[in-house]
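Enquirer: sequence-free structure coming up:
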């Protein structure tokens, strides 16, 4: 039997490869890279004189197909696991609370961002100054929570979560994506 090539770190220009779900913290890290890349695309769309249809479609596709699933991975599984496993000195509740503030602010902006981008695509128009400001605000909120997640949550998760926790996280992430719940032997951290 031939061994598969190991998955290499992506550039954030495509959705995270589902083969990485056997290592759920690595998958989340890749999703974070993807979010940073999309923030750069959002900034470019917001700053462009003319609406870039392809970039706008890329942002909409990400917002509609990827972001909510990723946020659910964290809110419904990762955060509760961390709250159970962390020690008081980790102060995880404070870190999660700060992250949720920026996540919630971004989520509140999503319907408006979707409507603005879809409206521009439908009408063939450019973004208004107000639309540009809203896109910039969204990217700012997303970047702020990514910094805290990468600097605080993921390192603590790697130190505190057990193999069983990681297997459960992987299984729930697979289920959210409609993928079969198969054993990922050898991939758990």
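Expert: Noted; the coordinates are in hand. Since the structure is predicted, the reported quantities are computational estimates derived from the model, not experimental observations. Residues are numbered from 1 along each chain as shown.

Enquirer: looking at residue 137 now. What's its pLDDT?
Expert: What the model reports for residue 137 is a pLDDT of 96.

Enquirer: hang on, I meant residue 76
Expert: At residue 76 the predicted local confidence, pLDDT, stands at 94.

Enquirer: is it true that it touches residue 172?
Expert: Yes - with contacts defined as CB atoms under 8 Å, residue 76 counts as touching residue 172 at a distance of 7.2 Å. All C-beta spots, glycine's among them, are computed from the backbone N, C-alpha and C.

Enquirer: among these two, which residue is more densely surrounded?
Expert: The residue with more neighbours, out of residue 76 and residue 172 and counting by other CB atoms under 10 Å, is residue 172; that gives 18 against 12.

Enquirer: and that one, what is it in contact with?
Expert: With contacts defined as CB atoms under 8 Å, 6 or more residues apart in numbering, the neighbours of residue 172 are 73, 76-77.

Enquirer: and stretch 61-75, how far from the chain's centre?
Expert: Chain-centre distance of stretch 61-75: 6 Å, with CA atoms, centre = their mean, to the nearest Å.

Enquirer: residue ranges with poor pLDDT in the protein?
Expert: In the predicted model, the chain carries pLDDT under 70 at residues 1-12, 182-189.

Enquirer: the helices in this structure, which residues?
Expert: 24-47, 53-62, 68-72, 79-85, 92-123, 129-148, 154-160, 163-176 (DSSP state H).

Enquirer: which strands or helices does the second one pack on?
Expert: The elements that helix 53-62 packs onto, with contact taken as 3 or more CB pairs under 8 Å, 6 or more residues apart in numbering; DSSP states H and E, are helix 24-47, helix 92-123.

Enquirer: coming back round to it: right, so the helices of the chain: which one is the most enclosed?
Expert: Mean neighbour counts were taken over the helices of the chain using mean count of other CB atoms under 10 Å, and the top value, a mean of 19, falls to helix 24-47.

Enquirer: list the helices and strands that one packs on?
Expert: Taking 3+ CB pairs under 8 Å, 6+ apart as contact, the helices and strands that helix 24-47 lies on are helix 53-62, helix 68-72, helix 129-148, helix 154-160, helix 163-176.

Enquirer: now render the helices and strands packed on helix 53-62 as CSV, adding distance to residue 147.
Expert: As requested, these are exported to CSV (distance: least, CB to CB, whole Å):
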stretch, distance to residue 147
helix 24-47, 10
helix 92-123, 9
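
Enquirer: perfect, that will be all.
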